[in-house]
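sequence first, then the predicted structure:
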Amino acid sequence: IVYKSQPPALPRPRLAGRHQIVNAGTAIAALRAAGFGDLGTEAFEAGLAAIEWPGRLQRLRRGRLAGLVPPGSELWLDGGHNIDGGRILAAAMADLQERGDAPLVLVSGLLGTKDAEGFLANFAGLARFLVAVPLAGQMAARPAEEVAEIAGRVGLSATTAPSVEAALVSLGDRAWDRPPRVLICGSLYLAGAVLAANGTPPT
């Protein structure tokens, strides 16, 4: 497509993470290339402002699980589970760290079919520690103890908890110099279970 002038600037997408800016730009370029450029700037703006993607760098501001973290904490959820997903997610957490300093804690459960070491290595030097949890009802799930062992091999301090709920409650037993930023990650199955347990399933 050749424009006689630059197309108008659009707002950032509602989704968090710099990678979503690239994703939005790619989607809009594809629509324009396919002949949908006449939708108009207003349509693209409305789409960017309204877009939702549950379980993808989603901040949980309310709900049962959101009430379990220490006061003032941030609770985030992402279903990323492969090496590239971990890299993008770690970059997003680093961006948040630049904007507001907070200790990062991972609550993670992973399948045995995924490269857990490759995924978790992205967070070495970034996360304060990791709490490994089981993936209930998933036959291919790695035991929490195995996830914690792998985390240790890539340089992450790690412990285990019997559930996400227990992991979040345990954070209240620690002394924090500032409220933590908690990221639940490692599996789309885990993300779905967390949204259901939080009382905020996708609509």
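Structure's in. What do you need?

just confirm residue 73 contacts residue 178, I think it does.
No - in this structure, residue 73 is not within contact of residue 178 by CB atoms under 8 Å, at 9.4 Å. To be clear about C-beta, it is placed using only N, CA and C from the backbone, and glycine gets the same treatment.

now the strands: where do they sit in this structure?
58-59, 74-78, 104-108, 127-132, 158-160, 181-185 (DSSP state E).

mind giving me CSV with those strands and columns for mean neighbour count and distance to residue 34?
Output for the strands of the chain, formatted as CSV (neighbours: other CB atoms under 10 Å; distance: least, CB to CB, whole Å):
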stretch, mean neighbour count, distance to residue 34
strand 58-59, 17, 29
strand 74-78, 23, 29
strand 104-108, 26, 39
strand 127-132, 23, 41
strand 158-160, 18, 46
strand 181-185, 26, 34
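
in this structure, where is pLDDT below threshold?
Where the chain drops to pLDDT under 70, the residues are 1-8, 10-32, 36-40, 43-54.

enumerate every residue touching the residue most central in space within the chain.
Among the residues of the chain, the one closest to the centroid is residue 78, at 2.8 Å (CA atoms, centre = their mean). Contacts for residue 78 were tallied using CB atoms under 8 Å, 6 or more residues apart in numbering; they are 55-58, 85, 89, 183-185, 191.

dump these to CSV, plus distance to residue 203.
What follows is the contacts of residue 78, written out as CSV (distance: CB to CB, whole Å):
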residue, distance to residue 203
55, 13
56, 15
57, 18
58, 13
85, 24
89, 24
183, 23
184, 20
185, 22
191, 15
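
domains of the protein?
1-51, 58-198 (the TED database).

any idea which of those is most buried?
For the domains of the chain, the largest average neighbour count (mean count of other CB atoms under 10 Å) is found in domain 58-198, namely a mean of 19.

check the offset of that one from the chain's centre.
Relative to the chain's own centre, domain 58-198 is displaced by 9 Å; criterion: CA atoms, centre = their mean, to the nearest Å.

okay, and the common contacts of residue 73 and residue 178?
With CB under 8 Å, 6+ apart as the test, residue 73 and residue 178 both reach residue 102.

in the protein, where's the longest helix?
helix 83-99 (DSSP state H).
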